[in-house]
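Turn this into a structure:
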Amino acid sequence: MSLDIEHIIVHSLFLDEQGQTQLATRDQELATGPAVGHLMSELHHIYNTKAGKIFGYFNEEDTGFRDLVRRVEDENLSFTAFTQQASQRLLDELKRLDMSEQGVLLFVRYQWLGAHYLLIALLDSKDSVTVTEKLEVSHASYLDLGKMQLAARLDLTELQSRPDSHRYFSFIKGRAGRKVSDFFLNFLSCVEGMDPKAQSQGLLKAVDEFCESRQLSKEEKQESKALVNKYCREQLKEGEELELRELSAELGTDDDLDFYQFVSEEYQLEDKFPVDRSALKGLTKYVGSGGGLTISFDQKLLGERIQYDPSTDTLVIKGVPPNLKSQLQGS
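Purely as a prediction, here's the structure:
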């Protein structure tokens, strides 16, 4: 499946001699061609598969960016003018917070699987060397797409069809030690909404209690959790979101009660949400750490190779892993 690029343009944030961020803008959109198509295809894939995204919606108290989106969607503002004004808004926000940023600022409106999106990304450049066709070594600078740190995507189709949704915006969180909300959320007139990690943790709780309600044996519980784990990891691999109805079909039905009906009764789960990868360990493993001790093992081992005595709060492990055993014997 291919995506359809409708509008694409880049501007530049750079540092002047005083270390202050300045803005340089293009006056025309980029012409689409093989290079632009490859760039956008790679960006789309990287963004879809990037872990740890957060979701949000427009802030009712600051309508600046939303008004720009409305004007360009109503064709009262050209895409180029929209991106220039949005870029200036970002620059003003950086100056207000006395922050310095530089990079290629990309705006692209595209269509994918029937939905329209607006992707905004601040891309870093990386210096390197290359060998030319004449076998000369030459300096080169390229976009470091794999380390895309500041990016947001607005689902224009969902915004139009479900304006009350709290998840039509998605964001990559930003560099370590600094949240994207430092300036990117403010620039986009946005506040945080749905929390994928909380949704994923709620899913694990729902799966546990669904298995209990069906009075499944230990082996049947493990099989059900393994199915959920497999489905979630396949969705992550494809860059797709978890869909509760699809997952429910994977788990099957019993006594006229399926998983979708079960979670609809008392769990506050979205019909679709991105899976938090770190939460998936809870489906198949017991994990815990504290006091200098970290323990992780497959749930199926409890009661077999691993015994827990709650009265003495002790674990007994039979069959220590060879690599751990060699360390213990050599200490």
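
Now that Phe169 has come up, it's in contact with Ala151, right?
No - in this structure Phe169 lies outside contact range of Ala151 using Cβ atoms under 8 Å: 11.3 Å. All C-beta spots, glycine's among them, are computed from the backbone N, C-alpha and C.

Now the common contact residues for those two.
Common neighbours of Phe169 and Ala151, using Cβ atoms under 8 Å, 6 or more residues apart in numbering, do not exist here.

Low-confidence stretches in the stretch 151-300 of the chain?
For the stretch 151-300 of the chain, residues meeting the criterion pLDDT under 70 lie at 173-182, 253-256.

ditto for the stretch 1-150 of the chain
In the stretch 1-150 of the chain, residues with pLDDT under 70: 1, 142.

Neighbour count for Phe169 and Ala151, which is higher?
Phe169 (26 against 23; other Cβ atoms under 10 Å).

Please report phi then psi for that one.
phi -100, psi 140 (degrees, to the nearest 10).

shift numbering so it begins at 39
All set: I'll call the first residue 39, so the last point we hit is now Phe207.

Report the beta-bridge partner residues of it.
Taking DSSP bridges as the rule, Phe207 bridges to Gly94, Leu192.

And for Tyr148?
Under the criterion used (DSSP bridges), Tyr148 bridges to Ile43, Tyr155.

Tell me if I'm right that Asp162 and Gly141 touch.
Yes - counting by Cβ under 8 Å, Gly141 is a contact partner of Asp162 at 5.2 Å.

So which of these two has more stuff around it?
Gly141 (18 against 15).

List the residues that contact the more buried one.
By Cβ under 8 Å, 6+ apart, Gly141 lies in contact with 50-51, 160-163, 188.

repeat that with 10 Å
50-52, 159-163, 181-182, 186-188 (Cβ atoms under 10 Å, 6 or more residues apart in numbering).

Check Ala69 too.
Ile46.

Any buried residues in stretch 255-267, and which?
Across stretch 255-267, burial judged by 16 or more other Cβ atoms under 10 Å covers 259-260, 262-263, 265-267.

Just the buried ones from the contacts of Gly141?
By 16+ other Cβ under 10 Å, those give 51, 159-161, 181, 186-188 as buried.

farthest pair in those?
Leu51 and Met186 (14.8 Å; Cβ to Cβ).

re earlier: of the buried residues of stretch 255-267, just say which sits nearest to Arg343.
For the buried residues of stretch 255-267, the nearest to Arg343 is Gln260 (14.6 Å; Cβ to Cβ).

In the chain, where's the longest helix?
helix 256-276 (DSSP state H).

which residues of the stretch 39-188 of the chain fall in helices?
Ranges of helices in the stretch 39-188 of the chain, per DSSP state H, counting those that start in this stretch, are 72-87, 102-111, 117-134.

Mean neighbour count for those helices - can I get that in CSV?
Formatted as CSV, these follow (neighbours: other Cβ atoms under 10 Å):
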stretch, mean neighbour count
helix 72-87, 15
helix 102-111, 17
helix 117-134, 18
